[in-house]
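Mind looking at a prediction? Sequence and model below.
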Amino acid sequence: MSEPWKTEPDALDFIDDATGYPVALRRNHMGAWCAYIGVPKDHPWHGNRCPDLVKAPWAFERSVDVAELGAINLYLGAARARPEEGIYPIDVLVRCHGGLTYSAEAWWEDETRASWWFGFDCTHAGDLVPTIPPSYDGIYRNMEFVRAAASKAARDLRVAAVSLCMSDAFEIACGEHWLAYHRLIHAARGWALPTHPGDSLADVPNLIADFEQAATRVAQTAREAAAETEALHDA
């Protein structure tokens, strides 16, 4: 039997091209690869653990493979998720290999690229682990396989950041649009909102312009969110 792990390095650091997130590959004490993706401090999941319940980004409405999330993660996640509220554990939202198994600061030395990392390992059923005599026809997950799986996880983590932040921006833009609409309607009738008692018929032209600008911001925010998440899914 060939032993490809003997010709591979034991560590690899790189920046994921599609997301700009730092990635660290480390071989564990059993000779199998583990992968870690660092998220910035402003990421909505920074400091969260894999099983934590979070609001699922709308962009995560896509098909997945059980092998990418882990059967155990899916089983436990189904018991804890609240789909009617859009609430799910993080570990069923990020695709990788066998599901996320790590969420913490970096355990390896001299790591300054990020302060919080999500990771996965290659010691699951069906994986050939170099230090364990194979009793079945397992598959060795080589460095290139793990690198590709880490990049997929990085894209999902970035999609979460983009769509959740854009959801907040979209909500703000919709609120501004709603306010501009009601100020316009009230002023056109010769009234004024309690929050804007100075509005009058004379302000209608300016209020129309404010309403149109607010509508443009709503549409632009939606387009920006859709464009970036689509690009990440296609990367």
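Done, it's in. All figures in this text were calculated on a predicted structure; none of them were measured in a lab.

ok, now which ones touch Tyr88?
Leu53, Val54, Ala56, Gly77, Ala81, Arg82 (Cβ atoms under 8 Å, 6 or more residues apart in numbering). (Glycine included, C-beta is placed from N, CA and C.)

and if you look at Trp191?
Asp199.

Could you do Arg82 as well?
Leu53, Tyr88.

Tell me the one of the contacts of Tyr88 nearest Ala161?
Comparing the contacts of Tyr88 against Ala161 with Cβ to Cβ places Val54 closest, at 11.8 Å.

Would you mind finding the longest helix in this protein?
helix 143-188 (DSSP state H).

If any of the contacts of Tyr88 are buried, put those into a ChimeraX selection.
Buried residues within those, by 16 or more other Cβ atoms under 10 Å, are selected in ChimeraX with:
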select :54,56,77,81
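
rewinding a little: pLDDT on the longest helix of the chain, on average?
Mean pLDDT, helix 143-188: 80.

from here on, count from 3
Noted, 3 is the first residue going forward, which turns the last one into helix 145-190.

Output the contacting helices and strands for it.
strand 13-17, strand 24-29, strand 35-41, strand 118-123, helix 206-236 (3 or more Cβ pairs under 8 Å, 6 or more residues apart in numbering; DSSP states H and E).

6 Å instead, please
Secondary-structure packing of helix 145-190 (3 or more Cβ pairs under 6 Å, 6 or more residues apart in numbering; DSSP states H and E): strand 35-41, helix 206-236.

Mean pLDDT lowest where, among those?
Among the helices and strands packed on helix 145-190, helix 206-236 carries the lowest mean pLDDT, at a mean of 72.

For Ala189, state which of the contacts of Tyr90 is nearest.
Ala58 (40.0 Å).

Just to check, that closest one is in contact with Gly88?
Yes: with contact defined as Cβ atoms under 6 Å, Ala58 reaches Gly88; the gap is 5.1 Å.

Okay, buried residues for stretch 213-221 please.
Residues of stretch 213-221 classed as buried: Phe213, Ala216, Ala217, Arg219, Val220 (neighbour count, 16+ other Cβ under 10 Å).

and Glu5, how many neighbours does it have?
Per other Cβ atoms under 10 Å, the neighbour tally for Glu5 reads 10.

Now the phi/psi pair for it, please.
phi -130, psi 80 (degrees, to the nearest 10).
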